[in-house]
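> Predicted model follows, preceded by the sequence.
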Amino acid sequence: MFITKDKAHLVLPSRPELVHLIPHARPFAHAGQNYLLVPNKPDETKLVRNLGFDVPPPIVTQYDWCGQTPWDVQRTTSALLVENPRFFVLSSMGTGKTRAAIWAADWLMRTGVAHRALITAPLSTLTPVWQRELFQVMPREPTVVLHHTQRLKRLEALKQNARWFIINHHGVGLMRDELVAKRFDIIIIDELAVFRNQRTDLWKTLNVLIRAGDPPPAYVWGMTGSPTPRAPTDAYAQVRLIAPLRVPKSFMFFRDQTMRQVSPFKWLNRPEATAVVHRAMQPSVRFSRDDIEELPETSYIDRDVPSSPAMRQMYAALMDRMRAMIADGTITAANEGILQGKLLQVSCGYVYTDTKGVHNLPNTNRLRALEEAVAETERGVLVFVPFLHALQGVADHLRRAGEDIAVVHGGTSRAQRDTIFTSFQAGMSPRVIVAHPQTMAHGLTLTRADTIIWFSPTMSLETYEQANARITRPGQKFKTVILHLVGTHVEKITYTRLRNRSRMQGALLSMFHDQDVSM
C-alpha cells in the first residue's frame, strides 16, 4: 500500500472485499498485478483500516495544521475526532486537547463535511483558553463569544456570519432555541464532567441542543480529564449526552453495575467499576502529560478568572485612592507591600477590614474555576491560599463540591500535619490539601500530587518556590503543573515577578506606569 504523490488516493492490492465495500475505487494493472485506486478520504480510509491495512487517516497526510507543528498526541487525538462523530477526549490538563479539537473541526470544515462549530465551556475558559487558542491557531478567523449581560447583545452576536461560536455552559439555557435554529454541525463540550447529573436543567438544556435540529449536530465531542471525579456513576449522564445507547436507560441499573450498597446511605465501588465505565465511554482517547515528550517536566499555566462587579468596583476604588497617594508621595517602599496585599485580597474576594474583620466579596467565578481545576486531575492536588481569612472559604467550597480535602495552616498542630501529609502521600484520604503556603516546610515531600493550584499569589519569592518544590522534587514520577488563577492586573504582575524570580519591591508602582492598569 502507498499514497499517491498528491495525497489524494491510496494504492491498494485489488481484493474482492475492497471492490465490494468501495465500488467507486478505480481498478488498474501494473507489472502484472491488479490494484485499486481508493480516494484518500475519511470514510474510505476507515473501511480500509477495518480490513487490516495500515493506512493513516487523511488528516495526518493532507492537513497543514494551520502552519504549526502538532505534538504526536495532538495528531492522534485530531485524527480520532475526525473519524468519530461521537467521541470522548479524556486526556489530562496540559495535553493540548483544546488545540487538537480545533484542528479536527477545522479539517472537517475545510473538507466540506461541516460548516459551523459551537464550543460550550466553563466561563473561566471562554476567552483565556478557547478564544485565545483559536486566535493563535487561526489569527484571521472570526470567533464569536456568546457571553453578555444583555440578552439582545447575545442574540446579535449569534447572527454573525462566523464558523466558530463559544458559549459558557449556563449560557446555553439562555438562548437554547436560537442556538438550535443556528444549526451547528459540531458541538464541543469542554469539561464534560460538569454534566454528570442528568436531573439538572444544565444537562437537560444541552441534551435538547444535541438532539434537536433537522438534522441534529453531526459531531458531538466531550472533553474532560476527570470523567468520574466523585464516583463511577458520574460517567452515566455524560455518556447519555454523547452516546446514549452505550449505557442502560436506567441510572439505577448502571449504578448496580458499578457500585454496591453497604448501608442505607453508603455505596462502594465494585471491583469491575472502572472496566464498566471504560466500556461505556467509547470511543475515546486518553493521554497524560507524561505521554508528551515535548512538554517540560513542570508547566506553568495562567487561568484567567472574571471578577464579580463588586470586586471590580472595590478594586477600582482602591486604585483611584492609590493614584492620589502616588501624586502626593504617600506611597513609599515601606508601605507599598501593604497596599499591594490589599489589592490581592480584593482580587480573591476576601478582604480584611480596618476593624480586623473580614469582608467577603462575591467570588463565584474564582471558586468555580478552582473547583473545575481540581476536578481536571485524578491525582493529588495542593491548593495554596496565602490569606488565612480566604483559606477557610476555599476549603468550605471544595467540601460542598464533594472533594475529599484536609486543611493545613499555622494553627494546625505538628501531629495533625504529620497525619495529613503521611496519609496524603500514601495515596489515602485526603486527595486535596488546602494549605497556607508558609506551612509547606523545607524538605516536605508531597509527590503524590502532580498539580498545584494557586488561588491567589503570595508576595514572597521564597514561599512561592518552596511551596512549589513540594511536588517538583526527587520521587516525583509524573510531569507537574503549577496553575495560577488570575483575575486582576496586580495578580498578573505578581505572578510574573515570581516566575522571573524578581524582587517584589516596586511591583505596585510599576502598575501605574503601564498603559492599562485595569482589572
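Structure received.

> Touching, F165 and T120? I think so.
No. Between F165 and T120 there is no contact under CB atoms under 8 Å: 9.4 Å. The C-beta positions use only the backbone N, C-alpha and C, and glycine is treated the same way.

> And the two? Which one has more around it.
T120 (26 against 21; other CB atoms under 10 Å).

> residues of stretch 220-236 that come out buried?
220-229, 231-236 (16 or more other CB atoms under 10 Å).

> Just to be sure, which of these are found in helices?
234-236 (DSSP state H).

> Output the contacting helices and strands for the top helix by length along the chain.
Ordering each helix of the chain by length in residues (DSSP H) puts helix 309-327 first. Applying 3 or more CB pairs under 8 Å, 6 or more residues apart in numbering; DSSP states H and E, one finds that helix 309-327 contacts helix 333-348.

> After the helix it packs on, heading C-terminal, what element do we hit next?
strand 350-352 (DSSP states H and E).

> Quick check: which of the buried residues of stretch 220-236 has the minimum pLDDT.
Taking these together, the minimum pLDDT is found at P229 (82).

> That one: what's it in contact with?
If you count contacts by CB atoms under 8 Å, 6 or more residues apart in numbering, P229 has them with 193, 196, 375, 378, 402.

> Return the residues in contact with K342.
So K342 contacts 318, 351-352 (CB under 8 Å, 6+ apart).

> how much space between R448 and F455?
20 Å (CB to CB, to the nearest Å).

> Tell me which of the two has more neighbours.
F455 (27 against 23).

> Secondary structure element holding the nearest residue to F478 once chain neighbours are set aside?
Nearest non-adjacent residue to F478, counting by CB to CB, 6 or more residues apart in numbering: D450, 4.4 Å away. Per DSSP H and E, D450 falls inside strand 449-454.

> and that strand, what does it pack onto?
Right, strand 449-454 is packed against helix 364-375, strand 380-384, strand 480-486 by 3+ CB pairs under 8 Å, 6+ apart.

> Ok, which of those comes nearest V145?
helix 364-375 (15.2 Å; CB to CB).

> avg pLDDT for the closest one?
92.

> okay, that helix in PDB with CA atoms only?
Taking C-alpha atoms only, helix 364-375 is exported to PDB below (Å, rounded to 0.1, in the frame of the first residue of the first chain):
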ATOM      1  CA  THR A 364     -18.300  32.600  42.500                       C
ATOM      2  CA  ASN A 365     -16.300  32.700  39.200                       C
ATOM      3  CA  ARG A 366     -13.000  32.100  41.100                       C
ATOM      4  CA  LEU A 367     -14.400  29.400  43.300                       C
ATOM      5  CA  ARG A 368     -15.900  27.600  40.300                       C
ATOM      6  CA  ALA A 369     -12.700  27.900  38.300                       C
ATOM      7  CA  LEU A 370     -10.900  26.300  41.300                       C
ATOM      8  CA  GLU A 371     -13.400  23.500  41.600                       C
ATOM      9  CA  GLU A 372     -13.100  22.800  37.800                       C
ATOM     10  CA  ALA A 373      -9.300  22.800  38.000                       C
ATOM     11  CA  VAL A 374      -9.300  20.400  41.000                       C
ATOM     12  CA  ALA A 375     -11.700  18.000  39.100                       C
END
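
> And the helices in the stretch 51-200 of the chain, which stretches?
For the stretch 51-200 of the chain, applying DSSP state H, counting those that start in this stretch gives helices covering 58-62, 72-83, 97-110, 132-137, 151-158, 176-182.

> Can you lay out those helices as JSON lines showing distance to K46 and mean pLDDT?
Output for these, formatted as JSON lines (distance: least, CB to CB, whole Å; pLDDT from 0 to 100):
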{"stretch": "helix 58-62", "distance to K46": "10", "mean pLDDT": "92"}
{"stretch": "helix 72-83", "distance to K46": "6", "mean pLDDT": "95"}
{"stretch": "helix 97-110", "distance to K46": "14", "mean pLDDT": "97"}
{"stretch": "helix 132-137", "distance to K46": "25", "mean pLDDT": "94"}
{"stretch": "helix 151-158", "distance to K46": "34", "mean pLDDT": "94"}
{"stretch": "helix 176-182", "distance to K46": "29", "mean pLDDT": "95"}
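
> Could you chop the chain up by domain?
The record assigns the chain these domain ranges, following automatic domain parsing: 2-55, 62-291, 298-305+363-503, 309-359.

> The first one: end-to-end distance?
This stretch, domain 2-55, spans 9 Å end to end (CA to CA, to the nearest Å).

> what does the longest one give?
End-to-end distance for domain 62-291, by CA to CA: 25 Å.

> chain center to it, what's the gap?
Relative to its chain's centre, domain 62-291 lies at 11 Å (CA atoms, centre = their mean, to the nearest Å).

> hmm, back to that, between the longest helix of the chain and helix 333-348, how big is the angle?
Interaxial angle, helix 309-327 versus helix 333-348 (axes from the mean of the first three to the mean of the last three CA atoms, to 10 degrees): 170 degrees.

> Mind listing what's buried along helix 309-327?
So, applying 16+ other CB under 10 Å, buried residues of helix 309-327: 311-312, 314-315, 318-319, 322.

> A273 versus the residue lying closest to R196 once chain neighbours are set aside, what's the distance?
Nearest residue to R196, sequence neighbours excluded (CB to CB, 6+ apart): D234, at 4.1 Å. Here D234 is placed at a distance of 11 Å from A273 (CB to CB).

> My guess is H24 contacts P39. True?
Yes. Shown here, H24 and P39 form a contact pair, counting by CB under 8 Å, at 7.4 Å.

> Could I get the pLDDT score of the closest residue to Q131 other than its chain neighbours?
What sits nearest to Q131 in space, not counting adjacent residues and going by CB to CB, 6+ apart, is T143, at 5.4 Å. For T143, the pLDDT comes out at 96.

> Same check on M93?
For M93, the predicted pLDDT is 86.

> count of residues packed around the closest residue to it other than its chain neighbours?
The shortest distance from M93 to any non-neighbouring residue, by CB to CB, 6+ apart, is to E376 (4.5 Å). By other CB under 10 Å, 21 other residues sit near E376.

> Ok, the one 10 residues further on next?
Around P386 sit 24 other residues, with neighbours defined as other CB under 10 Å.

> same thing with V374?
Around V374 there are 22 residues (other CB under 10 Å).

> Leaving out chain neighbours, which residue sits closest to it?
V374 sits nearest to V381 (CB to CB, 6+ apart), 5.4 Å away.

> That neighbour: what's it in contact with?
V381 touches 374, 431-433, 449, 451-453, counting by CB under 8 Å, 6+ apart.

> again with R49
V55.

> Model confidence score at it, please.
88.

> Would you mark the buried spots in the strand or helix carrying it?
When elements are assigned from DSSP H and E, R49 belongs to helix 42-50. Buried positions in helix 42-50, judged by neighbour count with 16+ other CB under 10 Å: 42, 44-45, 47-48.

> All set, thanks.
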